[in-house]
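Participant: Pasted the sequence and its predicted model underneath.
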Amino acid sequence: MVKHAPGSFSKNFAWHGTGLRKLHIVIRAGFQDTLATVPRDRFREDSGLDASLSLIPVNFFLHNKAGRMSVDELVFQAIERPHSIRFDRLALFALHLNRVGTGQRVVSRPAMWANEFVRERLWQSGVWRSSALSDASLDPFITDRMDAQLDVRVKCRNNYRHLYELCEFWPTSLPVINAQAEQWIASALFLAWDRHILDGGPSDRASLVDLIDSDELYKLLGVTRGFALAQAGDLADLYGSVGGIERFREAKTALTPTTPPPPKPAPEIPEEEGLEWLEQEESDEVVERRTVERQEQKRNRKKAAALKQHYDNTCQFCGTKLQISEDRYYSEAAHIKGLGEPHSGPDKASNMLVLCPNHHLQFDRGILRIKKVGGDYVIRSKAMGDPLNGQKITLTHSLDDVCVNYHYRWFGSKR
Ligand SMILES: [Zn+2]
């Protein structure tokens, strides 16, 4: 059995004080809030950490290439999004992914023991087993795989298990840990693909999807292989459509004054902010047609916002209530019969569902459909092994069955 060095993982990163929020802060400081690579040494200087602690982010969580810190999905999430538990879960995934690039003083796979732990112990038959995180399971595993004295092993074990606490995976009274991967699978796969490409891997769709198997990413996500593979296809398409690893290049050039910023798409935002945003836009509008359109948009937003509020931002399919800051939650209103051509569905609440971003994406692509069975609406999933398949949706507003049947048949015949 190969034994791995603990590196600086045993150091007290003050996880118990600020948790992974500290990593979020350090990334923003080290990158100076900019989506551009920085020299490794300058990152360490700017990180706000002392010399030994500044090694933890650069050695275990971030990616190095030719003496510089790479920009990837983890960096993007830290700089562009407020700290949240979703960031923490992505950071734990980054530790497990264990791809930190190459360069002087860089150990390419610095936490192989943690990667092996997830794949060999924590993940069993499609789920994470909480018993694997007990002392009785963790200690012998670390002894077996880590070349370190007892006191260092204990520090590593405590630091490591504390990450699960920060991610709210542990402690749990249940035998199975609910990884809630549907909330972070998209950013996790984007991160895995970013690093694969940064390390010189091919970026075609098939190669990206192959990583689910070759790197056993589904085990790092805490889901079945079938579920991960089913998601990976659509997510790889999405990844390609936003430019893959090149998507940060656009963000970088947009900062230079000579390049006009790209037009901003209308963001899905809470009602109060949404109205304010639209009002500002309207004052600049001179064309009456545009004003009418915007008033229409405003009305539609109101309906969608009311429905989201009705469901308390909770996904009608999976029950996820996605927190995006201390006191804000995020959900999306999905039209059942699409608004645009060729569907021309009506913009009314009975043609809408409140969904989490992942299930909205799957519903719009027809991977998920709903069918009326008796008095209930049941989910039909084309994703292999999808636990949602056959489940009733949570429904406390009435649906237009013409729209429901339209969506069901449209994707039944098309795909
Ligand atoms: Zn959902």
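Facilitator: Arrived safely.
Participant: Find me the pLDDT at residue 270, would you?
Facilitator: Turning to residue 270, the model gives it a pLDDT of 42.
Participant: Over to residue 181?
Facilitator: pLDDT, read off for residue 181, is 92.
Participant: Could I get the contacting residues of it?
Facilitator: Neighbouring residues of residue 181 by C-beta atoms under 8 Å, 6 or more residues apart in numbering: 188, 221, 222, 223, 227. Backbone N, C-alpha and C define where each C-beta goes, glycine included.
Participant: Restrict those residues to those that also contact the ion, please.
Facilitator: Of the residues in the contacts of residue 181, proximity to the ion by C-beta under 5 Å from the ion holds for none.
Participant: Derive a PyMOL selection command for the buried subset of those residues.
Facilitator: Typed into PyMOL, the line below selects the buried ones among the contacts of residue 181, using 16 or more other C-beta atoms under 10 Å:
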select buried, resi 188+221+222+223+227
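Participant: and the contacts of residue 181 as JSON lines, adding pLDDT, secondary structure and distance to residue 168?
Facilitator: Listed next are the contacts of residue 181 as JSON lines, based on pLDDT from 0 to 100; DSSP: H, G, I helix; E, B strand; the rest coil; distance: C-beta to C-beta, whole Å:
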{"residue": "188", "pLDDT": "97", "secondary structure": "helix", "distance to residue 168": "16"}
{"residue": "221", "pLDDT": "97", "secondary structure": "helix", "distance to residue 168": "16"}
{"residue": "222", "pLDDT": "96", "secondary structure": "coil", "distance to residue 168": "13"}
{"residue": "223", "pLDDT": "95", "secondary structure": "coil", "distance to residue 168": "17"}
{"residue": "227", "pLDDT": "93", "secondary structure": "helix", "distance to residue 168": "21"}
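Participant: Just to check, residue 379 is in contact with residue 394?
Facilitator: No: between residue 379 and residue 394 there is no contact, the gap being 10.9 Å when judged by C-beta atoms under 8 Å.
Participant: what about these two, which has more around it?
Facilitator: The neighbour count for residue 379 versus residue 394, taken as other C-beta atoms under 10 Å, is higher for residue 379 (22 against 15).
Participant: Surely the more buried one forms part of a strand?
Facilitator: Yes: counting by DSSP: H, G, I helix; E, B strand; the rest coil, residue 379 falls inside a strand.
Participant: what residues are up against it?
Facilitator: By C-beta under 8 Å, 6+ apart, the contact set of residue 379 is 317, 368, 369, 370, 388, 389, 390, 391, 392, 393.
Participant: Got phi/psi on the residue lying closest to residue 336 once chain neighbours are set aside?
Facilitator: Leaving aside its sequence neighbours, residue 336 sits nearest to residue 403 (C-beta to C-beta, 6 or more residues apart in numbering; 4.4 Å). With angles defined as degrees, to the nearest 10, residue 403 sits at phi -70, psi -40.
Participant: where's residue 403 relative to residue 380, distance?
Facilitator: Distance, residue 403 to residue 380, by C-beta to C-beta, to the nearest Å: 16 Å.
Participant: again, but for residue 320
Facilitator: Using C-beta to C-beta, we find residue 320 at a distance of 19 Å from residue 380.
Participant: do residue 170 as well
Facilitator: Applying C-beta to C-beta to residue 170 and residue 380 gives a distance of 34 Å.
Participant: Give the buried residues for stretch 311-324.
Facilitator: Residues of stretch 311-324 classed as buried: 311, 313, 314, 315, 316, 317, 318, 320, 322, 323 (neighbour count, 16+ other C-beta under 10 Å).
Participant: What pLDDT is listed against the second one?
Facilitator: The predicted local confidence for residue 313 comes out at a pLDDT of 93.
Participant: OK, contacts around it?
Facilitator: 321, 322, 329, 330, 331, 354 are the contacts of residue 313 under C-beta under 8 Å, 6+ apart.
Participant: from memory the fourth one sits against residue 322, does it?
Facilitator: Yes: between residue 330 and residue 322 there is a contact under C-beta under 8 Å: 4.7 Å.
Participant: which residues are in contact with the helix or strand containing residue 211?
Facilitator: Using DSSP states H and E, residue 211 maps to helix 205-214. Helix 205-214 has contacts (C-beta under 8 Å, 6+ apart) with 189, 192-193, 196, 201, 217-218, 225, 228-229, 232-233, 236-237, 239-240.
Participant: Quick check on residue 170 and residue 380: which one has the bigger neighbour count.
Facilitator: Taking neighbours as other C-beta under 10 Å, residue 170 and residue 380 compare with residue 380 leading, 19 against 16.
Participant: wouldn't that one be in contact with residue 368 here?
Facilitator: Yes: using C-beta under 8 Å, residue 380 is in contact with residue 368, at 7.4 Å.
Participant: Show me the strands in this structure, by range?
Facilitator: Ranges of strands in the chain, per DSSP state E, are 38-39, 64-65, 68-69, 123-124, 127-129, 176-177, 322-325, 328-330, 332-335, 352-355, 368-373, 376-381.
Participant: can you list the residues that contact the third one?
Facilitator: For strand 68-69, the surrounding residues in contact (C-beta under 8 Å, 6+ apart) are 30, 31, 37, 38, 39, 40, 43, 58, 62, 63, 75.
Participant: now the stretch 151-300 of the chain, which segments are flagged as low pLDDT?
Facilitator: Within the stretch 151-300 of the chain, the ranges that satisfy pLDDT under 70 run 250-299.
Participant: Please work out which residue of it is closest to the ion.
Facilitator: Using C-beta to the ion, the single residue of the stretch 151-300 of the chain nearest to the ion is residue 182, 5.8 Å away.
Participant: list the contacts for that residue?
Facilitator: Shown in contact with residue 182 (C-beta under 8 Å, 6+ apart): 318, 320, 356, 358, 359.
Participant: Just the ones of those residues in helices?
Facilitator: Among the contacts of residue 182, the ones falling in helices (DSSP state H) are 358, 359.
Participant: Considering only the contacts of residue 182, which also neighbour the ion?
Facilitator: Residues of these in contact with the ion (C-beta under 5 Å from the ion): 318, 320, 356, 359.
Participant: Let's have those in TSV, adding distance to residue 110 and pLDDT.
Facilitator: Shown next, in TSV, are the ones next to the ion among the contacts of residue 182 (distance: C-beta to C-beta, whole Å; pLDDT from 0 to 100):
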residue	distance to residue 110	pLDDT
318	34	94
320	32	92
356	33	94
359	35	95
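Participant: Dump those residues to CSV, plus distance to residue 156.
Facilitator: Below are those laid out as CSV (distance: C-beta to C-beta, whole Å):
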residue, distance to residue 156
318, 34
320, 32
356, 34
359, 37
